[in-house]
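[1] Sequence and predicted structure below; questions after.
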Amino acid sequence: QKEVEQNSGPLSVPEGAIASLNCTYSDRGSQSFFWYRQYSGKSPELIMSIYSNGDKEDGRFTAQLNKASQYVSLLIRDSQPSDSATYLCAVPPFGQNFVFGPGTRLSVLP
Amino acid sequence: DAGVTQSPTHLIKTRGQHVTLRCSPISGHKSVSWYQQVLGQGPQFIFQYYEKEERGRGNFPDRFSARQFPNYSSELNVNALLLGDSALYLCASSLGGGGNSPLHFGNGTRLTVT
């Protein structure tokens, strides 16, 4: 059983702070990694993808991947109340379908 | 360009009934996947279709079935509904059938079984 694990939270950070979201996965063969944001009552929205070790930055978002440790993280700089949502980590085992973690609920306090 | 479209948005059914959910992928996307999401959990994989062929099936009973049409749209059918089938059903499309292509989700169908 391929697994993706995340802390369910809630993770609370003050406005303007850095939010750090973490995800671990079980399949060493996984080659692509995705972060989705899901607002309450809405569907998941893709915010980041990362395929190789290291950091990938997109605006206020940075994804970090460490395949040796089977760990992927998402940093949100200058957090805004509008970033309050559930963040889902998705890791497809090699050649297979997406496996989603349970999500981490982020609350950015004004 | 239009995103993934799903219909209906909401649905209320009683136990034992049958339901059909529909999905149209993003233009040019040949893969459609179906996920079930219950409150407080991540989406759980049900089916994937690529080029009209089933590419994968999750751990769901045979009451769940799906198909993909020549225009790449898809239907998810659920027979003999149970209370536990109440969930948000998500359709996602992607360019390819493997795991490297990101999934793009529709707005979902909220199914309530009473």
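    Nice, I can see it.

[2] who touches the residue nearest to the spatial centre of chain B in this structure?
    The residue lying closest to the centre of chain B (Cα atoms, centre = their mean) is B:Trp34, at 2.9 Å. Remark: with contacts taken as Cβ atoms under 8 Å, 6 or more residues apart in numbering or on different chains, B:Trp34 is in contact with B:21, B:23, B:45-48, B:66, B:74, B:76, B:89-92. All C-beta atoms are positioned from the backbone trio N, CA, C, and that covers glycine.

[3] Also within reach of chain A: list those from those residues.
    Checking the contacts of B:Trp34 against chain A by Cβ under 8 Å from any Cβ of the partner chain, the ones in range are B:Phe45, B:Gln48, B:Leu90.

[4] The helix or strand containing the second one packs against which elements?
    Assessed by DSSP states H and E, B:Gln48 sits inside strand B:44-50. Counting contacts by 3 or more Cβ pairs under 8 Å, 6 or more residues apart in numbering or on different chains; DSSP states H and E, the secondary-structure elements packed against strand B:44-50 are strand B:31-37, strand B:53-57, strand B:64-68, strand B:74-78.

[5] so which of these comes closest to A:Pro14?
    Closest approach to A:Pro14 among those (Cβ to Cβ): strand B:31-37, 29.6 Å.

[6] Now find how far off-centre the closest one is within its chain.
    On the basis of Cα atoms, centre = their mean, to the nearest Å, the separation between the geometric centre of strand B:31-37 and that of its chain is 4 Å.

[7] buried residues in the helix or strand bottoming out on mean pLDDT in chain B?
    Here the helix or strand of chain B ranked lowest by mean pLDDT, DSSP states H and E is strand B:53-57, holding a mean of 92. Burial within strand B:53-57, assessed by neighbour count using 16 or more other Cβ atoms under 10 Å in any protein chain shown, is assigned to B:Arg55, B:Gly56, B:Arg57.

[8] Is the last one bridged to anything, and to what?
    Yep, that's B:Arg57 we're talking about. Counting by DSSP bridges, B:Arg57 forms beta bridges with B:Phe47.

[9] returning to what we had before: just the helices and strands packed on strand B:44-50: most buried one?
    Looking across the helices and strands packed on strand B:44-50 with neighbours counted as mean count of other Cβ atoms under 10 Å in any protein chain shown, the highest average goes to strand B:31-37: a mean of 25.

[10] Quick one: mean pLDDT for that one?
    In this model, strand B:31-37 has a mean pLDDT of 97.

[11] Now do whatever residue of chain B ends up closest to chain A against B:Gln6, distance only.
    Among residues of chain B, the one nearest chain A by Cβ to the nearest Cβ turns out to be B:Gly99. It sits 2.7 Å away. As for B:Gly99, its distance to B:Gln6 is 22 Å (criterion: Cβ to Cβ, to the nearest Å).

[12] How about the contacts made by A:Asn97?
    If a contact means Cβ under 8 Å, 6+ apart, then A:Asn97 has B:Ser33, B:Phe45, B:Gln48, B:Arg55, B:Gly56, B:Gly58, B:Gly99 as its contacts.

[13] quick check, distance from the least confident helix or strand of chain B to the centre of its chain.
    Counting by Cα atoms, centre = their mean, strand B:53-57 is centred 12 Å from the centre of its parent chain.
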